[in-house]
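S.K.: Here is a sequence together with a model predicted from it:
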Amino acid sequence: MKGAALQSAIYSVLSNDAALMALITGVYADIEQPNDSGSSSNFPYVTIGSDNLASWDSKTFFGTEAVCQIDAWSRSNNLLEAKNVGEAIVDALHCQPMTISGASHVLTRQENSVYTKDPDGHTKRGLLTFRVIYTRD
């Protein structure tokens, strides 16, 4: 279903988006937190989270519909920074072209955005979901 190729494509789009990169320290699949849990040195940043891939094959092609999670992380005093990063992620992905190795991108649409405070009381998180539809070459 080309899950690794999809993650690489999302990473490429986000890490090459100048507007997003001006707001964050980086785009990661995972990031190691500093020993001091109160440190803000890595923030704000974006992680490419989990995804759920489902087939939508036909007689003439193999297709995949993926729901992908992308998280915006912040340690600002309010949710505004996370929301600004989230909006930049949407601008980079929603209804924009994407090159997926071994596949033909059909459409990417934003599904949902949720902004919350983590239990530590300091970290803010924007959880964004996108639906990506593509066919295998």
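M.R.: Everything's here; your move.
S.K.: And the pLDDT for the closest residue to Thr116 other than its chain neighbours?
M.R.: Spatial nearest neighbour of Thr116, excluding adjacent residues (CB to CB, 6 or more residues apart in numbering): Arg125 at 5.6 Å. Heads up, the C-betas are built off the backbone N, CA and C, glycines and all. In this prediction, Arg125 carries a pLDDT score of 95.
S.K.: The helix or strand that contains Arg125 pairs with which strands, parallel or anti?
M.R.: Assigned by DSSP states H and E, Arg125 belongs to strand 124-136. Sheet pairing of strand 124-136 (DSSP bridges) gives strand 63-74 (antiparallel), strand 103-117 (antiparallel).
S.K.: Give me the helix or strand of this structure that scores worst on average pLDDT.
M.R.: Least confident element among the helices and strands of the chain, by mean pLDDT, DSSP states H and E: strand 45-55 (a mean of 94).
S.K.: Might you report the residue contacts of the closest residue to Leu93 other than its chain neighbours?
M.R.: Nearest non-adjacent residue to Leu93, counting by CB to CB, 6+ apart: Thr108, 5.2 Å away. If you count contacts by CB atoms under 8 Å, 6 or more residues apart in numbering, Thr108 has them with Leu93, His94, Cys95, Gln96, Met98, Phe130, Arg131, Val132, Ile133.
S.K.: who does Thr108 bridge with?
M.R.: Beta-bridge pairing for Thr108 (DSSP bridges): Val132.
S.K.: which one is Asp137 nearest to, not counting chain neighbours?
M.R.: Leaving aside its sequence neighbours, Asp137 sits nearest to Gly102 (CB to CB, 6+ apart; 5.5 Å).
S.K.: List the residues that contact that neighbour.
M.R.: Counting by CB under 8 Å, 6+ apart, Gly102 touches Lys2, Ala5, Arg136, Asp137.
S.K.: Among those residues, find me the one that's closest to Lys83.
M.R.: Nearest to Lys83 out of those is Ala5 (CB to CB; 29.8 Å).
S.K.: surely the closest one meets Thr99?
M.R.: No. The pair Ala5 / Thr99 is not scored as a contact, 9.5 Å apart, by CB atoms under 8 Å.
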